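Engineer: Pasting a predicted model and its sequence here:
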Amino acid sequence: MMGRTHAASGAVATMLAIPALGRFGLDTTSMSVIAASVAGAGAAMLPDLDHPHATVAQSLGPVTRSIARVISAISGGHRHGTHSLIGVAAFTAITYGITRAGHVYTGLWLAFLFAIAATAFGVPVNRNRMLHTVICLAGGVLLAGTTAFIHYPLASLPWAVAIGSAAHLAGDLVTKQGVPLLWPIRHQFKLGHVTTGGDIDTILGWLLTFAYAVLVSYALYVIFLPPLHFAWSGH
């Protein structure tokens, strides 16, 4: 699947899971919902950091390229370790450790996830690196700042990363190449024959992106409109 399809599927799956996470006692209110959706979108791109030449590996220049080289060496190359249940568990555990380290580190991690998700959604990288850098820095500073100073609940973020990275595997599961879910066992599991970059992939990517935009708009409406209405009414 293309990057846009992966990122959007991770974000949509995470936001659809928010009510269920809330029923399990996790605080999924206010800005934590938006942070979780960003984490889900970025996490859906983490498995592709096993390829140093992938678009997502170019999102932050030498930083992401270096990370991709290390991950590629550890995981055995593209569509190996990171595209497995072990990979999902590793990304989830890393996020859990970061959230336990504190809000500042979590904010930086969210900024990183935002940057790779932004690349997947088509924010220019090769055509206009300056614009891409400005957008990623602005979004990253906002996420890092709100996480560090507002101190909203972080318990949903490891779940968001688990859901987002699992959504990536589900997307690749229906492609011709399949994924090694039980790596290091090298059997490729496949449930379909979708071509990456083909018509089905493209249409699905845009539909999921539209769904994500609708869900985020609704979340922002719920978060901000009632307080603004209360303030405007003078009560």
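Structural biologist: Sure thing, it's come through. Numbers count the residues shown, from 1 in each chain.
Engineer: which stretches of the protein have low pLDDT?
Structural biologist: Residues of the chain meeting the criterion pLDDT under 70: 25, 27-31, 123-137, 139-141, 143-153, 222-235.
Engineer: where along it do the strands fall?
Structural biologist: Here the chain has no strands by DSSP state E.
Engineer: how about the helices of it, start to end?
Structural biologist: 3-23, 31-43, 62-75, 85-101, 103-120, 129-150, 156-173, 199-232 (DSSP state H).
Engineer: Residue 96 contacts residue 160, correct?
Structural biologist: No - look at residue 96 against residue 160 with Cβ atoms under 8 Å: they stay out of range, at 11.3 Å. C-betas here are computed from N, CA, C, even on glycine.
Engineer: Between the two, which is the more surrounded one?
Structural biologist: residue 160 (33 against 17; other Cβ atoms under 10 Å).
Engineer: looking at it, the more buried one is touching residue 43, isn't it?
Structural biologist: Yes - contact criterion Cβ under 8 Å: residue 160 and residue 43 qualify, at 6.6 Å.
Engineer: will you turn the helices of the chain into a markdown table that also has distance to residue 191?
Structural biologist: Formatted as a markdown table, the helices of the chain follow (distance: least, Cβ to Cβ, whole Å):
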| stretch | distance to residue 191 |
| --- | --- |
| helix 3-23 | 15 |
| helix 31-43 | 21 |
| helix 62-75 | 22 |
| helix 85-101 | 15 |
| helix 103-120 | 22 |
| helix 129-150 | 34 |
| helix 156-173 | 5 |
| helix 199-232 | 13 |
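Engineer: and residue 49, which of the ones you listed is closest to it?
Structural biologist: Closest to residue 49 of the helices of the chain is helix 62-75 (Cβ to Cβ; 4.9 Å).
Engineer: how about the CA coordinates for that closest one, as PDB?
Structural biologist: Coordinates of the C-alpha atoms in helix 62-75 are reproduced here as PDB (Å, rounded to 0.1, in the frame of the first residue of the first chain):
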ATOM      1  CA  PRO A  62      19.700  12.400   7.500                       C
ATOM      2  CA  VAL A  63      17.800  11.800  10.800                       C
ATOM      3  CA  THR A  64      15.200   9.400   9.300                       C
ATOM      4  CA  ARG A  65      17.700   7.900   6.800                       C
ATOM      5  CA  SER A  66      20.000   7.000   9.600                       C
ATOM      6  CA  ILE A  67      17.100   5.500  11.700                       C
ATOM      7  CA  ALA A  68      16.000   3.500   8.600                       C
ATOM      8  CA  ARG A  69      19.500   2.100   8.100                       C
ATOM      9  CA  VAL A  70      19.600   0.900  11.700                       C
ATOM     10  CA  ILE A  71      16.100  -0.600  11.600                       C
ATOM     11  CA  SER A  72      16.800  -2.200   8.200                       C
ATOM     12  CA  ALA A  73      19.900  -3.900   9.600                       C
ATOM     13  CA  ILE A  74      18.200  -5.100  12.800                       C
ATOM     14  CA  SER A  75      15.000  -6.300  11.100                       C
END
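Engineer: Could you pull out the buried residues of that helix?
Structural biologist: Buried residues in helix 62-75, counted by 16 or more other Cβ atoms under 10 Å: 64, 65, 67, 68, 71, 72, 75.
Engineer: hmm, back to that, among the helices of the chain, which is nearest residue 50?
Structural biologist: helix 62-75 (4.9 Å).
Engineer: What are the contacting residues of the closest one?
Structural biologist: 49-52, 54, 56-58, 78, 81-82, 87, 115-116 (Cβ atoms under 8 Å, 6 or more residues apart in numbering).
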